[in-house]
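Participant: Could you work out the structure for the sequence below:
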Amino acid sequence: MKITLFGTQPYDRESFDRIRDTYGFDICYHRSLLNANNVALAQGSDAVCIFVNDTADAGTIRQLAGMGVKLIALRCAGFNNVDLNAAARYGIPVVRVPAYSPHAVAEHAVALMLALNRKIHRAYWRTRDGNFSLHGLMGFDMYGKTAGIVGTGRIARELIRILKGFGMEVVANDLFPDPQYAAEAGIAYVPLDELYARADIVSLHCPLTDRTRYMIGDAAISRMKPGVILINTGRGRLIHTEALIDGLKEKKIGAAGLDVYEEEAGYFYEDTSDRIMDDDVLARLLSFNNVIVTSHQGFFTREAVDNIARTTMQNIKDFSECRRLENEVRAEPENAVGQL
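Facilitator: Okay, here's the model as predicted:
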């Protein structure tokens with residue numbers, strides 16, 4: 001069985017090469033992202049394997065089907081970049097990696113919180129220049145503060161466990177609340193407006209759907225506690241970036257930690273340091289000293305990358321052997337984008 005991997009980085013190749021002999025698949029690697037213009041690179045493949053910034057829209061899927069591709073394998077949890085309705089029309093199953101390491105993303109969210117609260121990034125650059133003053137570096141005790149967690153999937157639950165260890169109060173919101181989990185974890189499910197009003201830190205861990213797209217906009221920000229820290233390790237389009245910039249300028253948002261960005265595909269995972277940034281919105285974000293942007297690296301641990309490769313290959317093996325696809329995703333309203 002031949003598999004074509006798009007959007008491949010060196011670490012992808014290393015992790016897949018380590019186990020390819022176990023599965024016996026013929027793997028072809030491409031650095032370019034899948035889209036309608038380069039879909040011909042998948043010619044002769046039985047399956048394509050894509051990541052978060054590849055584009056499997058209706059036109060791309062139609063071409064894949066025309067050249068005999070039988071499976072789309074995502075090496076990530078989210079699948080908002082795949083037109084599931086088109087995949088169903090052309091009879092191409094879509095599989096994903098629902099849980100590679102919730103610890104990795106949760107720990108990255110905590111790292112962003114701590115760095116922003118205690119101004120670690122600013123202190124680092126100051127001391128390198130011989131500036132050891134404390135002016136402007138004051139943070140707050142996380143102990144006793146309130147964290148608002150939007151979405152309570154695997155990653156969010158690991159994050160909640162960590163934050164409870166800091167002695168924080170946790171309030172959460174989820175389209176499908178789990179009262180048993182709330183009782184066991186010692187948290188409370190509350191309406192979004194109440195979460196925004198109470199939380200000192202808001203962290204987003206919900207899937208991207210029509211309901212959640214740009215859920216953080218002017219209206220939501222206006223309801224938040226002044227000086228709130230906003231963390232997004234989920235999907236870029238959960239936040240309306242220009243509204244976030246306005247909130248930062250007005251001092252409503254005290255700090256923002258973003259591992260994702262709504263127009264990240266042109267920049268993330270690439271070295272663009274030798275050219276002028278033409279994304280004015282991203283450039284504006286990067287100009288704030290109370291904003292940290294990381295390049296969608298929350299997943300990036302040795303354990304997670306290896307788990308992604310193993311689960312992806314097992315998904316493809318299950319398909320090749322006509323087994324039930326445990327990690328298949330379909331175009332169902334209640335499962336429109338995927339659990340984070």
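Participant: mind exporting stretch 208-221 as CSV, just the C-alpha atoms?
Facilitator: C-alpha atoms of stretch 208-221 as CSV (Å, rounded to 0.1, in the frame of the first residue of the first chain):
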residue,chain,number,x,y,z
LEU,A,208,-13.8,24.5,15.7
THR,A,209,-17.4,24.4,14.5
ASP,A,210,-19.9,26.9,13.0
ARG,A,211,-21.0,27.5,16.6
THR,A,212,-17.5,28.2,18.0
ARG,A,213,-16.0,30.0,15.1
TYR,A,214,-14.9,33.5,16.3
MET,A,215,-16.5,32.8,19.7
ILE,A,216,-14.0,35.2,21.2
GLY,A,217,-14.9,38.5,19.6
ASP,A,218,-15.9,42.0,20.8
ALA,A,219,-18.9,40.8,22.7
ALA,A,220,-17.1,38.0,24.5
ILE,A,221,-14.1,40.2,25.4
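Participant: For it, list every residue counted as buried.
Facilitator: Neighbour counts over stretch 208-221 (16 or more other Cβ atoms under 10 Å) mark L208, T209, T212, R213, M215, I216, G217, A220, I221 as buried. (Glycine included, C-beta is placed from N, CA and C.)
Participant: check contacts around the residue lying closest to the fifth one once chain neighbours are set aside.
Facilitator: Spatial nearest neighbour of M215, chain neighbours left out: L238 (5.7 Å); criterion: Cβ to Cβ, 6 or more residues apart in numbering. With contact set as Cβ atoms under 8 Å, 6 or more residues apart in numbering, L238 has these partners: L204, C206, L208, T212, R213, Y214, M215, I216, N232, V260.
Participant: Just the closest of the residues you listed to A87, please.
Facilitator: Among the contacts of L238, L208 lies closest to A87 (Cβ to Cβ), at 17.3 Å.
Participant: Give me the distance between the two termini of stretch 79-94.
Facilitator: One end of stretch 79-94 sits 9 Å from the other (Cα to Cα, to the nearest Å).
Participant: Output the below-cut-off pLDDT ranges for the protein.
Facilitator: For the chain, the stretches with pLDDT under 70 are 332-340.
Participant: Would you mind confirming that L64 makes contact with A47?
Facilitator: No: using Cβ atoms under 8 Å, L64 is not in contact with A47; the gap is 9.7 Å.
Participant: can you list residues touching both of the two?
Facilitator: Joint contacts of L64 and A47 (Cβ under 8 Å, 6+ apart) are I72.
Participant: Please identify the helix or strand for Y143.
Facilitator: Assigned by DSSP states H and E, Y143 belongs to no helix or strand.
Participant: State the distance from it to I162.
Facilitator: For Y143, the distance to I162 equals 13 Å [Cβ to Cβ, to the nearest Å].
Participant: repeat for D200
Facilitator: For D200, the distance to I162 equals 16 Å [Cβ to Cβ].
Participant: G66 now?
Facilitator: G66 is 47 Å from I162, where distance means Cβ to Cβ.
Participant: And for V329?
Facilitator: From V329 across to I162, the span is 28 Å (Cβ to Cβ).
Participant: Those two: which has the busier surroundings?
Facilitator: Neighbour count, other Cβ atoms under 10 Å: between V329 and I162, V329 has more, with 24 against 16.
Participant: Which elements pack onto the longest helix belonging to the chain?
Facilitator: Longest helix in the chain by number of residues, with DSSP state H as the criterion: helix 302-320. Contacts defined by 3 or more Cβ pairs under 8 Å, 6 or more residues apart in numbering; DSSP states H and E place helix 302-320 against helix 10-23, strand 47-50, strand 71-74, strand 94-95, helix 102-117.
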